[in-house]
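Undergrad: Sequence and predicted structure are below.
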Amino acid sequence: MRSRGRILIRGIVQGVGFRPFVYARAVELGIQGTVRNTGSQVEIDAWGEQFVSFLDAVSRGPPMARIDSVQVEPVEGSPPPGFTILRSTGGALSGLIPPEIATCRECTEDIFDSEGRYHGYWATSCVNCGPRYSIIRGLPYDRERTSMAEFPTCPACAAEYADPSCRRHHAQSIACPVCGPQLYLLDATGQPLPSANPIGEAAELLDDGRILAIRGIGGFHLACVEESAGELKCRLGRTEQPFAVMVTPEELDRTTCVSEEDRAWLESPVRPILVMPKQDPDSLAAVSNLHTIGCMLPYTPLHHLLFARLSHPLLIMTSANRPGYPMVTDTEEAVEKLAGSVDFFLTHNRPIVNRCDDSVIRDGFIIRLSRGIAPKRTRIDLGSRCILGVGPELNSNITVYAGGFAVTSPHIGHVRNPPTLTYLQETVERIGRFLGARYDVIAHDLHPQFLSTRFARELAADTGAALVPVQHHRAHVAAVTTGPCIGITIDGVGYGDDGHVWGGEIFAGSVPDLDRVAHLEEVPMPGGDAATRFPERMLYGILPGDGTRSLLAARGWDEIALGVLERQVERSVGVAWTSSTGRVLDAVAAMLGTCRERTYDGEPAMRLESLAPRGSAREWPLEFGTRAGRRTLSTRALTRRAFSEFTRTADLPLPDREKALAGIAASFQDNLARGIAALAITAAGEHGIPTVVLSGGVAYNRAIRETIRQEITGAGLTFLMNPEYPLGDGCISYGQCVWAGTMNR
Ligand SMILES: [Zn+2]
Ligand SMILES: [Zn+2]
């Protein structure tokens, strides 16, 4: 039986307490030797009778580790006395950037232990939990390469760090009230308020209805109690946007319908925001006017301590930035940018190196890939070349592929303003440096005017990398599979091969050879982007004529504006043509009066989705056509049907009318989904491909997604989605990498 060896373990092995874990097993099993991080792997030299049991134990790793491979080589020489943890050394760094880990149970107990030295300490952590990516300046992950380097450990922390029997043995983020970062309370102008207990005072201020900016792990949140939600919306000028909340576990069960899958996510070390149905769709209306609400549980010691002091069980916790802009991270910047929006700041002096918003999940699908999940690493073979995917324009992130791994950054935002572009560039620089990447290929969106496209071109000019443009909706499909498939992409808008605005597309083939074989009927967007903001324009574009005209007139459109709209559509001037799924849903939301102006991303379609469950769907006839040899689904016919039902609701008494409107919303979604599925099923038959893939932001809509799934599987076809990446545009940078990698092989 083997009794010695060098064990090489590859995977996510840094920042997850791997070395202390190995040490503890070695001590248990009487193993002599050493363990060290070499950047890409953990290297263990081990001698002992129980080598085989030891190998078995370390091969499983600690809970947060992700192990790709375990290899055993011969080891030379004689064993050292005992077992030692050696210093980390550099090396190839293939994708080993640990994400944040929510406070573990033991640390939560520590902060409430009145006898312990961590009692009440807001930044308590251990090898199993705490900040990671947000504090990392360089790899390997050691304190000297994090923003914790500015806080030399006190003797007590140093002793725990060195004590192999302690949970904080080699915990790089170890800190206590004596040596660690401190919290401060500032007034609205950024002046420090002397306070012995900033958390206690912050809790009182919140209970009193004040609005606070709270600096967390990856940036600032705006926080207030439910009663102050209206005031916060007013100050931010975002009267309709739903806010996410942080709640106690009891409040969670009282207000929302939590599925088993949701609960597993909520309580996981990621602790993301979960978008879940409310128990009563009309409750918490000031926080969210949808039938759903985004909830998270406390995930840092600061949150736990705050909730222990608060008398309210629910806090609004929304990222302190304009939608689509980067999260505010520095205290000075926060004071400058949030002046007028907040009454107080609860901040600290631990620098945030890498910003990180909260991750958002719905029905097991990632909406925002960020804290706790990203940097997200996927093992995939895309060849030997190093690839950068710079993402699209909205809800963007970046992906770097090198040496068998694709690493996707946390959420970046809408790359359509200078601060977000700068953040994109910084992220490319930082993740690239962590991974030692030298780009051979840069993949970007087909849209020539996107800031991300221009950035890709400039970077390619500087580095000599090859450029690969990838059409938006094909990148969506590539993020799911490279195998032969019928790809359905349903989303807002993306630039098509023909320069038109695509968004309801059916492809056939396999990456990088996907033919557009069918799509939603193209309809005009009068005024281009203006039709996105004001969906009644979209409605008129789809259904021009007297009926829509008099509806808009009755809603206060003046004759001049109506005349302009009419001429735009009639002469096709100032009109973009689109096959977008989102825009059609917007138009119906506008028709039903659910949403006449879009004030945040996806609002009209989300309002329509919220209305639908109050009614029931009925089957409408579907009409198909062809255009340039491609099959199309007539969205005009569906909208016309919806409109004729809508006009019949005018005379109904109010409760009946509401139910009828909800029925139209439900029917429209259902029939649209059936039509899209029918296009895919026909394509599957024609091309002899039995697998159908679904992606795109509209697929977050549960009713639409499930109808498509049922139709596809009901036709005996295989239905595929990729829950590892967002269904929306957060999957594009990864899809771009996959596309470029597959092309080059
Ligand atoms: Zn812990
Ligand atoms: Zn200390």
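TA: Perfect, thanks for sending it. Worth saying up front: this structure is predicted, and the values here are computed from it rather than measured. Ligands and ions are numbered 1, 2, ... in the order given.

Undergrad: Low-confidence ranges, the chain, go.
TA: 1, 39-40, 89-95, 744 (pLDDT under 70).

Undergrad: Going along the chain, name the strands of the stretch 451-600 of the chain.
TA: 466-470, 485-495, 501-510, 513-520, 523-526, 575-578 (DSSP state E, counting those that start in this stretch).

Undergrad: Highest mean neighbour count out of those strands?
TA: Most buried of these by mean neighbour count (mean count of other Cβ atoms under 10 Å) is strand 485-495; its value is a mean of 28. Every C-beta, even on glycine, is put in place using the N, C-alpha and C of the backbone.

Undergrad: outside of stretch 81-91, which residues touch it?
TA: Here stretch 81-91 makes contact (Cβ atoms under 8 Å, 6 or more residues apart in numbering) with 19-20, 23, 26-27, 31-41, 140-142, 164, 169-170.

Undergrad: Briefly note if stretch 47-64 comes near ligand 1.
TA: No. Applying Cβ under 5 Å from the ion, one finds stretch 47-64 out of contact with ligand 1, separated by at least 10.7 Å.

Undergrad: State the distance from the closest residue to ligand 1 within the stretch 401-550 of the chain to Ile398.
TA: Ligand 1 sits closest to Pro410 of the stretch 401-550 of the chain, with a gap of 21.8 Å, by Cβ to the ion. Per Cβ to Cβ, to the nearest Å, Pro410 is found 10 Å from Ile398.

Undergrad: what residues do the two have in common as contacts?
TA: Between them, Pro410 and Ile398 share the contacting residues Thr427, judged by Cβ under 8 Å, 6+ apart.

Undergrad: of those two, who's got more company?
TA: Using other Cβ atoms under 10 Å, the more surrounded residue of Pro410 and Ile398 is Pro410, with 29 against 26.

Undergrad: Confirm that the more buried one sits in a strand.
TA: No. Pro410 is assigned coil when assessed by DSSP: H, G, I helix; E, B strand; the rest coil, not a strand.

Undergrad: In this structure it contacts Ala374, no?
TA: Yes. Assessed by Cβ atoms under 8 Å, Pro410 is found in contact with Ala374 at 4.0 Å.

Undergrad: any shared contact partners between the two?
TA: Residues touching both Pro410 and Ala374 by Cβ under 8 Å, 6+ apart: Tyr133, Cys356, Asn397.

Undergrad: of those residues, closest to ligand 1?
TA: Tyr133 (16.7 Å).

Undergrad: Remind me which helix or strand the spatially most distant residue from the centre of the chain belongs to.
TA: Taking Cα atoms, centre = their mean, the residue of the chain most remote from its mean C-alpha position is Ser78, at 49.8 Å. Per DSSP states H and E: Ser78 is located in neither a helix nor a strand.

Undergrad: Find the closest residue to ligand 2 in the stretch 351-500 of the chain.
TA: Closest point on the stretch 351-500 of the chain to ligand 2, by Cβ to the ion, is Pro351, at 18.1 Å.

Undergrad: contacting residues for the residue in the stretch 201-350 of the chain that ligand 2 sits nearest to?
TA: Closest approach between the stretch 201-350 of the chain and ligand 2, counting by Cβ to the ion: Arg350, at 13.6 Å. For Arg350, the contacting residues are Ala123, Pro131, Ile135, Ser147, Met148, Phe151, Gly180, Pro181, by Cβ under 8 Å, 6+ apart.

Undergrad: Would you mind confirming that Arg702 makes contact with Gly364?
TA: No. The pair Arg702 / Gly364 is not scored as a contact, 10.8 Å apart, by Cβ under 8 Å.

Undergrad: more crowded one of the two?
TA: Arg702 (17 against 13).

Undergrad: Relative to ligand 2, how far out is that one?
TA: 48 Å (Cβ to the ion, to the nearest Å).

Undergrad: And for that residue, nearest residue in space, chain neighbours not counted?
TA: Asp363 (6.0 Å; Cβ to Cβ, 6 or more residues apart in numbering).

Undergrad: quick revisit: for Val511, see how far away the residue lying closest to the residue of the stretch 351-500 of the chain closest to ligand 2 once chain neighbours are set aside is.
TA: Of all residues not flanking Pro351 in the chain, Ser147 sits nearest, at 4.1 Å (Cβ to Cβ, 6+ apart). Separation of Ser147 from Val511 (Cβ to Cβ) stands at 40 Å.

Undergrad: Give the residue from those two that has the larger number of neighbours.
TA: When neighbours are counted by other Cβ under 10 Å, Ser147 and Val511 differ, and Val511 comes out ahead with 25 against 20.

Undergrad: Surely that one and Val480 touch.
TA: No. Using Cβ under 8 Å, Val511 makes no contact with Val480, being 9.5 Å away.

Undergrad: Any quick PyMOL command for the buried ones out of the contacts of stretch 81-91?
TA: To isolate the buried members of the contacts of stretch 81-91 in PyMOL, using 16 or more other Cβ atoms under 10 Å:
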select buried, resi 19+20+23+26+31+32+33+34+35+36+37+38+39+40+41+140+141+142+164+169+170
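
Undergrad: No more questions from me, cheers.
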